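Q: This is a predicted model, with the sequence first.
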Amino acid sequence: MMPVTRTSRTTAVALFSAYYPAHGGGMELACADLAGALVQAGMSVEWLSQRSGNLPDIPGVRCTPLSGTDMVYALSGVPLPMPAPWSFPVMAAAMKRADVAIIAEANFILSVIAFLIAKYYRKPILVIQHVGEPSTVSNLARLVMRMGERAAVRPMLRRADAVVCVSPVVARHFADLPQSHFLTIGHGIDVDGFRPPVDAEERASDRAALGLAGERIACFVGRLTRTKGIEIMAGIAQRCPDWTFAVAGIGPVDPTGWGLDNVIALGQLDRVDMGRLYRASDVTILPSPSESFSLVVREALASNCGVLCSPQILETDSGLVGHIETESVDIDEPDATSARFAAALGRHARHPGTGARDYIVEHCSPAAVHRRYIELIGGLATSSAGATR
């Protein structure tokens, strides 16, 4: 990682997210990278989230797990963790120690509570918004999310000191709100870890390390939920027996239950093995109808792995045109969608080329992305300190 600008004084940051990276979401992985960058810039970071698996091991970052339940996700695949009431004093204590509060995503109960506590202690608030239009396939869940957006999300974004939208897709969704404190900043990509294979020998070694074999390999990376299109992947794999499909992620859908010999369930991989998976694969498939940014697409391109996904990805960055292949996605018609993707996969015969990686390196450099955050957070802390004198 390239060096980042250090702050002139220690700024204490309290970072609140619904989950830690062990839950497998792109937003949480981006939070981990940001937390590490803030520490490198001389800030102190306390990360509070509901416990989900192992805590992240980030040098200099203090992780404070919160008690609660994730029953809704376990039953439906819709992420909706609910913190326990006895977690509130823990959140308040962290807020008192902080100069700035960062809330990753306003759409969660924990985020609303953190926002109210920050307002009570008069701490400047930065909200990082990853979600715009609700993407869940459940009509009931969409209704609940829209009600929550009207009752909580929009008021929070309106009253935050700064709001970062991770892509133009999200920014357009909230374009009717006052824009003076809104910015659009994407996620940084570890372009050193996500890189093309050095040669055929390394690619073969990566395949062997993951237990993958076959002439042509396609991978799926993400939460194993209907919203992400995992059920469509089953149809694609059934229609393409000459491909090996490596599925990386966790969630309520179990690919081993499909009974398909050409599907390998890898579970949740660490970053090193994720790099191996992209290098080992000919194409990454993401049949999700709605993505606000998609780390997966950009990690694959940085690794010179082909990408087959929905056209909506292009709304996050029109510069991806020519670097990815797209097919329309209809979650409510998985057979028709999987048939289209299978046909496209049958035509797939190329890697995206070095131009795709060059584009990702230029536009998703961690140093450039995190420098904008560091300057923004430093400004919030300075303004707050001046207001309290």
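A: On my side now, so go ahead.

Q: And Thr256, how close does it get to Pro79?
A: For Thr256, the distance to Pro79 equals 23 Å [CB to CB, to the nearest Å]. To be clear about C-beta, it is placed using only N, CA and C from the backbone, and glycine gets the same treatment.

Q: So for the two, which sits in the more crowded spot?
A: Pro79 (22 against 10; other CB atoms under 10 Å).

Q: OK, contacts around that one?
A: Applying CB atoms under 8 Å, 6 or more residues apart in numbering to Pro79 gives the contacts 18-19, 23, 25, 70, 72-73, 108.

Q: so which of those is the most crowded?
A: Most neighbours among the contacts of Pro79, by other CB under 10 Å: Ala18, with 28 neighbours.

Q: shouldn't that residue be in contact with Tyr73?
A: No. Applying CB atoms under 8 Å, one finds Ala18 not in contact with Tyr73, separated by 9.8 Å.

Q: pLDDT weak spots in the protein?
A: Scanning the chain for pLDDT under 70 picks out the ranges 1-9, 75-78, 134-144, 348-351, 353, 384-389.

Q: Which helix in it has the most residues?
A: The helix that spans the most residues within the chain, counting by DSSP state H, is helix 366-388.

Q: Can you give me the buried ones in that helix?
A: Residues of helix 366-388 classed as buried: 366, 369-371, 373-374, 376-378, 380-382, 384 (neighbour count, 16 or more other CB atoms under 10 Å).

Q: Tell me where the stretch 151-300 of the chain has strands.
A: 162-165, 182-184, 217-221, 244-248, 263-267, 283-286 (DSSP state E, counting those that start in this stretch).

Q: Let me have those in CSV, adding mean neighbour count as columns.
A: CSV is the format used below for the strands of the stretch 151-300 of the chain (neighbours: other CB atoms under 10 Å):
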stretch, mean neighbour count
strand 162-165, 24
strand 182-184, 16
strand 217-221, 26
strand 244-248, 25
strand 263-267, 17
strand 283-286, 26
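
Q: With distance to Arg298 added, can I get the ones you listed in CSV?
A: What follows is the strands of the stretch 151-300 of the chain, written out as CSV (distance: least, CB to CB, whole Å):
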stretch, distance to Arg298
strand 162-165, 17
strand 182-184, 15
strand 217-221, 12
strand 244-248, 16
strand 263-267, 20
strand 283-286, 10
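
Q: Ok, which of the ones you listed comes nearest Gly193?
A: Of all the strands of the stretch 151-300 of the chain, strand 217-221 sits nearest to Gly193, with 14.0 Å by CB to CB.

Q: Other residues contacting the closest one?
A: Under CB under 8 Å, 6+ apart, the answer for strand 217-221 is 207, 230, 233, 236, 240, 243-249, 274, 277-278, 280-286, 296, 299-300, 305, 308, 345.

Q: rewinding a little: for the buried residues of helix 366-388, work out which two are farthest apart.
A: With distances taken as CB to CB, the most widely separated pair in these is Pro366 and Ser384, at 26.3 Å.

Q: residues touching Asp206, list them.
A: 197, 276-277, 279-280.

Q: Pull out the buried residues from stretch 315-324.
A: The neighbour-count check on stretch 315-324 (16+ other CB under 10 Å) flags 315-317, 320, 323-324 as buried.

Q: no, scratch that, I was asking about stretch 80-95
A: Within stretch 80-95, the residues scored as buried using 16+ other CB under 10 Å are 80-81, 83, 87-88, 90-91, 94-95.

Q: circling back to that earlier point, can you list the contacts of Pro79 in TSV and add secondary structure?
A: Formatted as TSV, those follow (DSSP: H, G, I helix; E, B strand; the rest coil):
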residue	secondary structure
Ala18	coil
Tyr19	coil
His23	helix
Gly25	coil
Asp70	coil
Val72	helix
Tyr73	helix
Phe108	coil
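
Q: Can you tell me which of the residues you listed comes closest to Ala160?
A: Phe108 (14.7 Å).

Q: State the distance from the closest one to Lys228.
A: For Phe108, the distance to Lys228 equals 18 Å [CB to CB].

Q: ok, back up a step: tell me which two in the contacts of Asp206 are the farthest apart.
A: Greatest spacing in the contacts of Asp206, by CB to CB: Pro197 and Leu277 (11.6 Å).

Q: Which one's more surrounded, the two?
A: The neighbour count for Pro197 versus Leu277, taken as other CB under 10 Å, is higher for Leu277 (27 against 20).

Q: So which residues of the stretch 101-250 of the chain form helices?
A: Listed in chain order, the helices of the stretch 101-250 of the chain (DSSP state H, counting those that start in this stretch) span residues 109-120, 139-148, 154-159, 168-173, 200-210, 230-239.

Q: can I get those helices in TSV with distance to Gln179?
A: TSV is the format used below for the helices of the stretch 101-250 of the chain (distance: least, CB to CB, whole Å):
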stretch	distance to Gln179
helix 109-120	20
helix 139-148	22
helix 154-159	11
helix 168-173	9
helix 200-210	45
helix 230-239	36
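
Q: now for the ones you listed, which one comes closest to Gln129?
A: Closest to Gln129 of these, according to CB to CB: helix 168-173, at 5.6 Å.

Q: At which residues are the helices of the stretch 251-389 of the chain located?
A: Shown for the stretch 251-389 of the chain, the helices assigned by DSSP H, counting those that start in this stretch span residues 271-280, 295-302, 313-316, 334-347, 354-363, 366-388.

Q: Make a markdown table from the ones you listed and add distance to Ile217 to it.
A: Below are the helices of the stretch 251-389 of the chain laid out as a markdown table (distance: least, CB to CB, whole Å):
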| stretch | distance to Ile217 |
| --- | --- |
| helix 271-280 | 6 |
| helix 295-302 | 12 |
| helix 313-316 | 21 |
| helix 334-347 | 11 |
| helix 354-363 | 18 |
| helix 366-388 | 28 |
